[in-house]
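Novice: structure of the sequence below:
(one chain, ligands or ions: 1)
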Amino acid sequence: MSALDRPWAINWDVTYACPLRCAHCYSESGRRASRQLSLEDMFRVADALISLKPQSIQFSGGEPLLVKGVFQVAERIAQAGIPVILYTSGWLLDERLVADVARIFSQVHLSLDGATAKVHDTVRAKPGSFERAMKALGLLNEAVREQRQRGGKVLTFGIDGVVVRSNFHQLEEYCTAIVPRFPELKFLSLGAAVPSGLANRPGYADHELLTDDQLWLLGSGGFTRYLQTLAPASVKVSTTDGLLLQMHPDHIASGRALRGLMHVEPDGAVRSMPIYEGTVGNLLEEPAQVLWERALARHLDPYLAETLGPVRTMKEWAKAARRIDLHYGSDQVRARIFLRQNYRPPRPSDSGILGVVRRTPPPGRDLGPAHAPVH
Ligand code: SF4
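Specialist: Model prediction:
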């Protein structure tokens, strides 16, 4: 049996609805239709995913806690013996929900994109989101403390930070000012923003994707070890440059590309690669194993190797990612991409919403051919 006979983990974006408006959002959530399934169809997708026997299934989005029935679906997967991991901004996590979250999920990753309200709220384009994230971490901390006292299952929770230029100067502060506030917290994962979704819009690499020097630092073990010395010993600090997700042909050849992660869209469509547009079919229509094998075959498509082969810098990666999205994306995907505005940094006069998306196409613009180069 080969390591790729089945996915070792599955990420399911259970909705594209989201109360936040992060400028880097990989799924463009909150600015597009949610594509959420009925509860009955969510169970069908869950059963298809269970049939693949992955080591874990991650619920992401969008904001999973917005989905009616999300706990029932997660519970079905957990009862099949597969750990379910929740990715959330914490915006909706309150006293009412935290008990179910702690009971059903094995792990919670709470997104924090700055160590202060000013930075986090700007990156997330939502005033008050830092305060809500802190409150959610406090609730998780308390729930875990109670679980530990009672004995039995204990939830693991931690912080995930998307690292961009706006928060790069705060990485030490995550370790010294945030993490120590929550004694039950177990991990801090800091990952470079990768050029996916809104983070590969023209302009975003010039202002927010890390410089190549910053990316190198984040990917170096020495920097991770340094951050680890600043955090409490009970917290595992990890950093990543995100290159595993790039699918560079050299990484595929050497086994360093992250090929074992299956990515599922809210309506059950399976992506060929987690960070690029393009699907290979839908779990409601075809067997999961067939779709998995089709996704793996896409990784070896000569177009992918030709487009990513010359990539050496973050800016080149962003440009290649735009070409890949247009090449593999459907007409609907290309229409959505053409409606995006180029990224511009927020000005003091902005109301906090970064990366506004045009609602109608610019006059006279058509969708262009599927292989149109973009810049
Ligand atoms: S990145 Fe931000 S906008 Fe996108 S799903 Fe996550 S919280 Fe919502």
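
Novice: close to the ligand, is the longest strand anywhere in the chain?
Specialist: Ranked by number of residues, the top strand in the chain under DSSP state E is strand 156-163. No. Using C-beta under 6 Å from any ligand atom, strand 156-163 never reaches the ligand; the gap is at least 7.3 Å. Quick note: C-beta positions are derived from backbone N, CA and C, even for glycine.

Novice: how about that strand: buried residues?
Specialist: Going by neighbour count (16 or more other C-beta atoms under 10 Å), the buried part of strand 156-163 is Thr156, Phe157, Gly158, Ile159, Asp160, Gly161, Val162, Val163.

Novice: please list the residues of the stretch 1-150 of the chain that sit near the ligand.
Specialist: Residues of the stretch 1-150 of the chain lying near the ligand (C-beta under 6 Å from any ligand atom): 18, 20-22, 25, 27, 29-30, 61-63, 89, 111, 124.

Novice: flag the shaky bits of the stretch 151-300 of the chain, pLDDT-wise.
Specialist: Low-confidence segments of the stretch 151-300 of the chain (pLDDT under 70): none present.

Novice: residues touching the closest residue to the ligand within it, list them.
Specialist: Closest approach between the stretch 151-300 of the chain and the ligand, counting by C-beta to the nearest ligand atom: Val162, at 7.3 Å. By C-beta atoms under 8 Å, 6 or more residues apart in numbering, the contact set of Val162 is Cys22, His24, Ser111, Asp113, Val123, Gly191, Ala192, Ala193.

Novice: all helices of the stretch 151-300 of the chain, in order?
Specialist: 171-173, 204-207, 212-219, 221-230, 249-254, 288-298 (DSSP state H, counting those that start in this stretch).

Novice: any chance of those in CSV, plus distance to Gly197?
Specialist: Output for the helices of the stretch 151-300 of the chain, formatted as CSV (distance: least, C-beta to C-beta, whole Å):
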stretch, distance to Gly197
helix 171-173, 23
helix 204-207, 10
helix 212-219, 18
helix 221-230, 26
helix 249-254, 21
helix 288-298, 18
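
Novice: related to what we said a few turns ago, quick check on the contacts of Val162: which are buried?
Specialist: Among the contacts of Val162, the ones that count as buried by 16+ other C-beta under 10 Å are Cys22, His24, Ser111, Asp113, Val123, Gly191, Ala192, Ala193.

Novice: next, format the buried residues of strand 156-163 as JSON lines and append distance to Pro183.
Specialist: Converted to JSON lines, the buried residues of strand 156-163 look like this (distance: C-beta to C-beta, whole Å):
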{"residue": "Thr156", "distance to Pro183": "14"}
{"residue": "Phe157", "distance to Pro183": "12"}
{"residue": "Gly158", "distance to Pro183": "13"}
{"residue": "Ile159", "distance to Pro183": "14"}
{"residue": "Asp160", "distance to Pro183": "19"}
{"residue": "Gly161", "distance to Pro183": "19"}
{"residue": "Val162", "distance to Pro183": "25"}
{"residue": "Val163", "distance to Pro183": "25"}
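
Novice: max pairwise distance over those residues: which two?
Specialist: For those, the farthest-apart pair by C-beta to C-beta is Thr156 and Val163; their separation is 21.8 Å.

Novice: in the stretch 51-200 of the chain, which residue sits nearest the ligand?
Specialist: Here the residue of the stretch 51-200 of the chain nearest the ligand is Ser89; by C-beta to the nearest ligand atom that distance is 4.2 Å.

Novice: what pLDDT does that residue get?
Specialist: We have a pLDDT of 98 for Ser89.

Novice: is it true that it touches Cys25?
Specialist: No. Judged on C-beta atoms under 8 Å, Ser89 makes no contact with Cys25 at a distance of 10.8 Å.

Novice: for these two, list the residues in contact with both.
Specialist: Counting by C-beta under 8 Å, 6+ apart, the common neighbours of Ser89 and Cys25 are Cys18.

Novice: Leu97 belongs to a helix?
Specialist: Yes. Assigned with DSSP: H, G, I helix; E, B strand; the rest coil, Leu97 falls within a helix.
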